[in-house]
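In: With the input below, show me the fold.
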Amino acid sequence: MKFDNLLTKVRNLASKADVSGTDFLAVQVNVTGDDPGVFYVEVKDGRISVEPYEYNDRNCALTISSDDFNKLIGGKLDPVLAFTVGKLKVDGDIGKALEFSKLVKK
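Out: Predicted structure coming up:
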């Protein structure tokens, strides 16, 4: 999947996400593969933003292939399993990464 298409898909999911109860969350996603890219998801003041930039003051950074991220947001890949088998790498607060995965699954 092209990075731009993946970003559009994430933005669509974000527009439907229930962020109530999420105080602050800043996750950078590093997408690898044929069409790599980087974007961040930020939840702040009850609003969610998805932007195609690096986020320097993030809680954590995730590194995952485009195909695996597409499976993850499609509910076909469990984030804990992906982390356990090395398909998903987390740099930073693993608790915030789990919080992010719950937002993605909703």
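In: is it true that residue 53 touches residue 40?
Out: Yes - between residue 53 and residue 40 there is a contact under C-beta atoms under 8 Å: 6.3 Å. C-betas here are computed from N, CA, C, even on glycine.
In: Looking at these two, which one has more neighbours?
Out: Between residue 53 and residue 40, counted using other C-beta atoms under 10 Å, residue 40 has the larger neighbour count: 18 against 9.
In: thought that one was touching residue 26?
Out: Yes - if you go by C-beta under 8 Å, residue 40 and residue 26 touch, sitting 6.5 Å apart.
In: Show me what the lowest-mean-pLDDT helix or strand in the chain packs onto, helices and strands only.
Out: Counting by mean pLDDT, DSSP states H and E, the chain has its least confident helix or strand at helix 94-105, which shows a mean of 87. Secondary-structure packing of helix 94-105 (3 or more C-beta pairs under 8 Å, 6 or more residues apart in numbering; DSSP states H and E): strand 24-32, strand 37-44, strand 60-65, helix 66-73, helix 79-84.
In: So what's the gap between it and the chain middle?
Out: Taking C-alpha atoms, centre = their mean, to the nearest Å, one finds helix 94-105 lying 8 Å from the centre of the chain it belongs to.
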